[in-house]
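Colleague: sharing a model prediction with you, sequence too.
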Amino acid sequence: MGATVRRNKDRLYVGLYVRRSAGKMAGGEERYHWALLRGPKTEDEDTLYIKYQAVNTDENAAARGSESGSSSSGSSNSNSSNSNSTSLAASPTSPTLPTSPTTWIYDEQSIPPYDMMLLARVLIGKIRNRARFEAVLRNVPVPPANRSSFAWVQAALGALAADAAGSMGKSSNLAWSAVSNAATEYIDHKATEHRYDGRAPVGQFDFSKPATFDLLQGKEIVP
């Protein structure tokens, strides 16, 4: 039984989402909203993931929902019931969020594996201790006012890598340069294949699943 548990431990992904405005960083990180996704090894139609992220609750939050355009109540474990919708309307609770410009909060949501705003995800590790993993993330500071969501993901991966209690499996790749380069290069590759612009041949992609690259094995697992 123990060996089975070890084989089936949750996976950790970096997810890159549509963002309202393109950034100007040379590395291109600000082109997207970044989040961490935890989910099971095997997915089905009933699978739910947990999305961990820093959310921008600026004065436009009531209209936008977050930097990525997804709905969020701004509190831990909030459900995203509209994650498969193309609507960008905020949740009914959004007006209660702080309204100071460029204010950031930590957020957790239960979500399906795929929504229309998720461009791609990259598998970067296996979670050894879920409770410890979440404790680490909840103590990562939110970004300063002049940063972006990727700054929180970068800090979160650094905190997980430094966790002496070993919340992540040894095979995990938490190096920011490797993760960010793989993620942005993968999205660029999928763009050249026309996954995002509607110009791909009918049937080329299964849009019920997100494009997924396995960084640990160095290969694509969902085109």
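Modeller: Received it, and whenever you're ready, just let me know what you need.

Colleague: and the lengthiest helix in the chain, how far out from the chain middle?
Modeller: As assigned by DSSP state H, the longest helix anywhere in the chain is helix 176-192. Mean C-alpha position of helix 176-192 versus that of the full chain (CA atoms, centre = their mean, to the nearest Å) differs by 14 Å.

Colleague: list the helices and strands that helix packs on?
Modeller: strand 11-18, strand 118-126, helix 149-162, strand 211-214 (3 or more CB pairs under 8 Å, 6 or more residues apart in numbering; DSSP states H and E). In short, each C-beta sits where N, CA and C put it, glycine included.

Colleague: what about the strands in this structure?
Modeller: Listed in chain order, the strands of the chain (DSSP state E) span residues 11-18, 32-39, 49-56, 78-79, 104-111, 118-126, 211-214, 219-222.

Colleague: hey, least reliable of those by pLDDT?
Modeller: Ranked by mean pLDDT, the strands of the chain end with strand 78-79 at the bottom, a mean of 38.

Colleague: G169 is nearest to which of the strands of the chain?
Modeller: Closest to G169 of these, according to CB to CB: strand 118-126, at 3.8 Å.

Colleague: low-scoring stretches of the chain, by residue?
Modeller: For the chain, residues meeting the criterion pLDDT under 70 lie at 1-7, 20-27, 58-101.

Colleague: show the contacting residues for the closest residue to E220 other than its chain neighbours.
Modeller: Leaving out its chain neighbours, the residue that sits closest to E220 by CB to CB, 6 or more residues apart in numbering is F213, at 5.2 Å. F213 is in contact with A120, R121, V122, L123, A182, A183, Y186, K219, E220, I221, counting by CB atoms under 8 Å, 6 or more residues apart in numbering.
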